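A.B. asks: I would like to see how this sequence folds:
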Amino acid sequence: MTAGDGVPGVGDAVHDTHRDRFGRVMGHEGPYLQVRPPAGGREWDAEPWQLRLLGQRELLRVLVSEANARSRRRG
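C.D. replies: Okay, here's the model as predicted:
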């Protein structure tokens, strides 16, 4: 997988449209990309065509939502 082929690269923030989950691409194995939740946790495999790159605003919304959820769990 190379830049310019439409496939998200390592470190890209994505929305897995099949699972309706957000994460960051951590790597690839065969035809699959490994994606991890923004706050960390267990990776999952996703097919590249199921992933949509996040824009800056959408990424910020996801990160704030995760931070708020962590705050509620602690408090």
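A.B. asks: and the most centrally placed residue in the chain, which of the three is it?
C.D. replies: The chain has Gly23 as the residue nearest its centroid, 1.9 Å off, counting by CA atoms, centre = their mean. Using DSSP: H, G, I helix; E, B strand; the rest coil, the structure places Gly23 in strand.
A.B. asks: how far away is it from Arg74?
C.D. replies: 22 Å (CB to CB, to the nearest Å). C-beta: built from backbone N, CA, C; applies to glycine.
A.B. asks: Looks like His28 contacts Glu43 (just checking).
C.D. replies: No. The criterion here is CB atoms under 8 Å, and His28 misses it with Glu43 at 11.4 Å.
A.B. asks: and the closest residue to the residue nearest to the centre of the chain other than its chain neighbours, how many residues sit next to it?
C.D. replies: Sequence neighbours aside, Val35 is the residue nearest to Gly23 in space, at 4.0 Å (criterion: CB to CB, 6 or more residues apart in numbering). Burial measure for Val35: 25 neighbouring residues, criterion other CB atoms under 10 Å.
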